[in-house]
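[1] pasting the sequence and the predicted model now:
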Amino acid sequence: MAKTKPSPKLGTEAAIDKKLAPQPENDKTTQLAAHTADASGEQMNTNTGLPVNNDQNSLKAGDRGPTLLEDFILREKITHFDHERIPERVVHARGSGAHGVFKVYKPLSEYTKAEFLNDTGLETPVFVRFSTVAGSRGSTDLARDVRGFAVRFYTRQGNFDLVGNNMPVFFIQDAVKFPDLIHAVKPEPDNEIPQAASAHDTFWDFISLMPESAHMIMWAMSDRAIPRSLRMMEGFGVHTFRLINAEGKASFVKFHWKPLLGVHSVAWDEAQNISGKDPDFHRRDLWDAIESGAFPEWELGLQIIPEEDEFKYDFDLLDPTKLVPEELVPVQRVGKLTLNRNPDNFFAETEQIAFHLGHIVPGIDFTDDPLLQGRLFSYTDTQLTRLGGPNFQEIPINRPIVPVYNNQRDGFMRQTINKGKTSYNPNSLGHNAPQQVKETAGGFVSYRERIEARKLRVRNKSFFDHFSQARLFFNSQSDSEKNHLIDALTFELGKVKTVAIRIRMLGILKQIDKGLAAQVAFGLGLHVPADDELPTNQSIPADGDPADYQSVQIDGSLAKSDALSMANTIKNTIKSRKVAILAADGVDANSLSTVKQALEAEGAVVEVIAPRQGLITAENNEQIEVDQSFLGAASVLFDAVYVAGGKNAAAALEAEANAVHFLNEAFKHCKAIAAYKDAVQVLEATYFRKKTAHDEGIIVGGDLKRLTSSFIHAIKQHRFWEREKPRLIPA
Ligand code: HEM
């Protein structure tokens, strides 16, 4: 009889080895199945194990004759190739993943019995997949979009998936609308345009008829939708979940991920440029950081709400278009996630992982959030098609670290070779009778929620306030964040061809904030519609009473929440930031190497950019290696730029249009810029030189120590947004 034995404590490597290791009951199978291949130098063979003598020529009738149908080696190879592609995810198709570990800081037994949230000695292996939502697998990383932030914890009580986003709320309140939302945002069905973009008619048509999306639209049009790095994003479980302790007591919980590098974004013009220069920008950034040992870290944050406070707030905890302001319920930081290993194989791991928010462990449970409830159905259902049948949990990246014993059998691509005659429970024949586990011994029991209700297709009135938190978000933004949001809405609605949709959207914006609507209307050359031109709530069912479904306006208990503004994020490091040093022949070697070394000592990644690759010769004849020429480099791929000294080098750079463009663009995107004193003439050639008297992001000097320390401080600030143009009309 098979019993689940508790596993010993696991370090990352041990855990992963163990995860990939044979399942004890199926010795023979897994010796074959858990096969990680690094075939360098090994003997080549076919999929049936036949040694291959010649892999470069097909079998022909004569050396110039036709290829023979008999060539089973050719056919096997091409057949496999023909079937290499699987369907991409219907949403979140574009993604990047990494392995890591999670450790809890202190036992959380007061709230949850989940073992991985209680044992401080445990390093739980994790796999994280970040994604964009709307674009295809090959689309750009820098689309203006929500980012998926899906974390799998391989716990000793089974896999726990926290399938979240980088925004804490969602567009819709009920899962039944998800297909409509996604159909609206995906490329339009007649011409498949535009790719990975929400700036088109069908998206805004839907949104303008869906007032409940107002809050999420504020997030999706904010700078959160164009992160600087996947490593510099917050993550959110979005829904309210439940934690359950050993006594069966439940608390509500909101999950957060807080990045230790702070929350930072790029400029929209920059994002569009990056999409051309390096569409893999985020994927590369994550990969490079992990390869270089700059492991990305997040703290797990919990907002815990006692069950008795369920109705304490002016919003419904079950409404996924609402967040719980941190001012009302502080976020407790309870543990740390570290990503420390890149996948070995993108397809096998990042592509084949099958997340599902239904993967929970004892101590964590669901609530009745209607979006959450629908998601519980969707993920496994879609994965049956995407991964080709019911056995995708046997793929190495999906297997739990504990052995699996149950009576599920057969199906496409079954890996496990189950022994014995019985595959049913109960059975008296003895072999293969996995035992059910008592709750006290860790068996999962659903939270015993009391439900007494009629079956109805309705929504509670507590879900009808669609605007107060949208307003809270807008009011909490810094001036530059507000400007970006206004520009984003103006950009997106400007791409909408149907004027009636733009006007309807202005009607929605007006209900969030009149100034916001006025600014966007101004940019679009329209006026804000009068009240009687406002849209009706299209989610009213045909036989519903409109009075029971209309949005209601409430003020909300908070006017402002500092936690919602990225302006208040931590700005204390330049670790892993990319800095370009512009140089040319005749450079002052000391002004280059002193700054380079100081930046690298702080953890920055520095590249020397020059008119051509290879070596440049310094004033003192020293040879300095160039990382990239102006042809391949672009300022949008860097966080900051420094112009090294040397009279001849400065003259060469001043005459180099690409160098001047590099600086102009860095200025436009509000980045830190520094120049050694005799390189000032290069700055003089830029468009911004005369405007910079009081710009703390531009540092020029001859004292290398002071210059370097001011430059490092400036890079820590991330951006000098105040450089941007003032609004066209006052807010
Ligand atoms: C709070 C709302 C939601 C969040 C935070 C969310 C998050 C995510 C994330 C992060 C992924 C990517 C998983 C991965 O990396 O493999 C994903 C995929 C997916 N989501 Fe959601 N989602 C939400 C709502 C929904 C809803 C309401 C549905 C359907 C009713 C849905 C259906 C899907 C599907 C079908 C996939 C593709 C899964 C796959 O092919 O493996 N999502 N979602």
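    That came in fine, so what should we check first? Everything numeric here is computed off the predicted structure, so don't read it as measured data.

[2] residues in contact with stretch 512-521?
    Applying C-beta atoms under 8 Å, 6 or more residues apart in numbering, the contact partners of stretch 512-521 are 214, 218, 467, 470-471, 474-475, 482, 485-486, 489-490, 493, 506-507, 509-510, 527-528, 727-729, 731. The way it works is simple: take the backbone N, C-alpha and C, and place the C-beta from them, glycine included.

[3] hmm, try it at 6 Å
    214, 467, 470-471, 474, 486, 489-490, 506, 509-510, 527-528, 731 (C-beta atoms under 6 Å, 6 or more residues apart in numbering).

[4] quick check: residue 359 touching residue 159?
    Yes - under the criterion of C-beta atoms under 6 Å, residue 359 makes contact with residue 159 at 4.8 Å.

[5] tell me the helix or strand right after the helix or strand bottoming out on mean pLDDT in the chain.
    For the chain, using mean pLDDT, DSSP states H and E, the weakest element among its helices and strands is helix 27-33, scoring a mean of 38. Using DSSP states H and E, the helix or strand that follows helix 27-33 in sequence is helix 72-82.

[6] and that next one, what's buried?
    73-74, 77 (16 or more other C-beta atoms under 10 Å).

[7] check what pLDDT residue 554 gets.
    Note on residue 554: pLDDT of 86.

[8] would it count as being in a strand?
    No - read with DSSP: H, G, I helix; E, B strand; the rest coil, residue 554 is coil and lies in no strand.

[9] residue of the stretch 101-250 of the chain closest to the ligand, please.
    Relative to the ligand, the nearest point of the stretch 101-250 of the chain is residue 148 (2.8 Å; C-beta to the nearest ligand atom).

[10] quickly find the element holding that residue.
    Counting by DSSP H and E, residue 148 is found in strand 147-155.

[11] so what secondary structure elements neighbour that strand?
    Packing partners of strand 147-155 (3 or more C-beta pairs under 6 Å, 6 or more residues apart in numbering; DSSP states H and E): strand 124-132, strand 158-165.

[12] mean neighbour count, the ones you listed: which tops it?
    Mean neighbours per residue, mean count of other C-beta atoms under 10 Å, is largest over the helices and strands packed on strand 147-155 for strand 124-132, with a mean of 25.

[13] how about the residue in the stretch 551-700 of the chain that the ligand sits nearest to: what's its closest non-neighbour residue?
    Using C-beta to the nearest ligand atom, the closest approach of the stretch 551-700 of the chain to the ligand is made by residue 564 at 17.8 Å. Once flanking residues are discounted, residue 564 sits nearest to residue 476: 4.0 Å by C-beta to C-beta, 6 or more residues apart in numbering.

[14] quickly note the distance from residue 584 to residue 648.
    7 Å (C-beta to C-beta, to the nearest Å).

[15] what about those two, which has more around it?
    Shown here are residue 584 and residue 648; by other C-beta atoms under 10 Å, residue 584 has more neighbours (27 against 15).

[16] so that one makes contact with residue 655?
    No - look at residue 584 against residue 655 with C-beta under 6 Å: they stay out of range, at 9.4 Å.

[17] up against the ligand, what does this structure have?
    Applying C-beta under 6 Å from any ligand atom, we find that the chain lies next to the ligand at 89-92, 95, 129, 131, 148, 150, 163-165, 170, 175, 178, 238, 320, 353-355, 371, 374-375, 378-379, 382-383, 386.

[18] so of those residues, which ones are in strands?
    Cross-referencing the residues of the chain next to the ligand against strands under DSSP state E gives 95, 129, 131, 148, 150, 163-165.

[19] tell me the two of those that are most distant?
    Greatest spatial distance in those: 95 and 164, 13.5 Å, computed using C-beta to C-beta.

[20] ok, back up a step: selection in PyMOL covering whichever of the contacts of stretch 512-521 are buried, please.
    Below is the selection syntax for PyMOL that covers the buried ones among the contacts of stretch 512-521, with 16+ other C-beta under 10 Å defining burial:
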select buried, resi 214+467+470+471+474+486+489+490+506+509+510+528
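
[21] let me see the domain layout of this protein.
    For the chain, automatic domain parsing gives the domain ranges 95-398, 466-540+547-567, 571-724.

[22] please tell me how far residue 54 sits from the ligand.
    Remark: distance between residue 54 and the ligand (C-beta to the nearest ligand atom, to the nearest Å) = 40 Å.

[23] burial measure for that residue, as a count.
    9.

[24] and residue 594, by the same measure?
    Neighbours of residue 594 under the rule other C-beta under 10 Å: 17.

[25] confirm that it sits in a strand.
    No - applying three-state DSSP, one finds residue 594 to be helix, outside a strand.

[26] now it: closest residue in space that isn't a chain neighbour?
    Leaving aside its chain neighbours, residue 594 sits nearest to residue 704 (4.7 Å; criterion: C-beta to C-beta, 6+ apart).

[27] now residue 214
    residue 470 (4.2 Å).

[28] only C-alpha atoms, please: export the helix or strand encompassing that neighbour in PDB.
    Per DSSP H and E, residue 470 falls inside helix 468-476. The C-alpha coordinates for helix 468-476 follow below in PDB (Å, rounded to 0.1, in the frame of the first residue of the first chain):
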ATOM      1  CA  SER A 468     -14.900  56.300  -6.300                       C
ATOM      2  CA  GLN A 469     -11.700  54.200  -6.400                       C
ATOM      3  CA  ALA A 470     -10.900  55.300  -9.900                       C
ATOM      4  CA  ARG A 471     -11.000  58.800  -8.500                       C
ATOM      5  CA  LEU A 472      -8.900  57.800  -5.500                       C
ATOM      6  CA  PHE A 473      -6.300  56.400  -7.900                       C
ATOM      7  CA  PHE A 474      -6.300  59.500 -10.000                       C
ATOM      8  CA  ASN A 475      -6.100  61.900  -7.000                       C
ATOM      9  CA  SER A 476      -3.200  59.800  -5.600                       C
END
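
[29] list the contacts of the helix or strand just after that helix.
    Later in the chain than helix 468-476, the nearest helix or strand by DSSP H and E is helix 479-494. Contact with helix 479-494 is made by 199, 221-223, 502, 505, 519-520, 523-524, 721, as judged by C-beta under 6 Å, 6+ apart.

[30] make a PyMOL selection of the buried ones in those residues.
    Here is the PyMOL command that selects the buried residues among the contacts of helix 479-494 (16+ other C-beta under 10 Å):
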select buried, resi 221+222+223+502+505+519+520+523+524+721
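
[31] of the contacts of helix 479-494, which is the nearest to residue 233?
    Checking the contacts of helix 479-494 against residue 233 with C-beta to C-beta, the nearest one is residue 223 at 10.9 Å.

[32] and that closest one, what's its pLDDT?
    Note on residue 223: pLDDT of 98.

[33] how about the closest residue to it other than its chain neighbours, phi and psi?
    Residue nearest to residue 223 in three dimensions, not counting chain neighbours: residue 265, with 3.6 Å by C-beta to C-beta, 6+ apart. Main-chain torsions, residue 265, degrees, to the nearest 10: phi -130, psi 170.

[34] ok, now residue 604?
    The phi/psi pair for residue 604 (degrees, to the nearest 10) is phi -70, psi 160.

[35] tell me how many other residues crowd it.
    Neighbour count of residue 604, defined by other C-beta under 10 Å: 21.

[36] can you give me every residue that contacts it?
    574, 577, 579.

[37] and for the residue lying closest to the second one once chain neighbours are set aside, the neighbour number?
    Which is residue 577. Among residues not flanking residue 577 along the chain, residue 639 sits closest, at 4.3 Å (C-beta to C-beta, 6+ apart). Residue neighbour count, defined by other C-beta under 10 Å, stands at 24 for residue 639.

[38] if anything else comes up later, I'll come back, but that's it for now.
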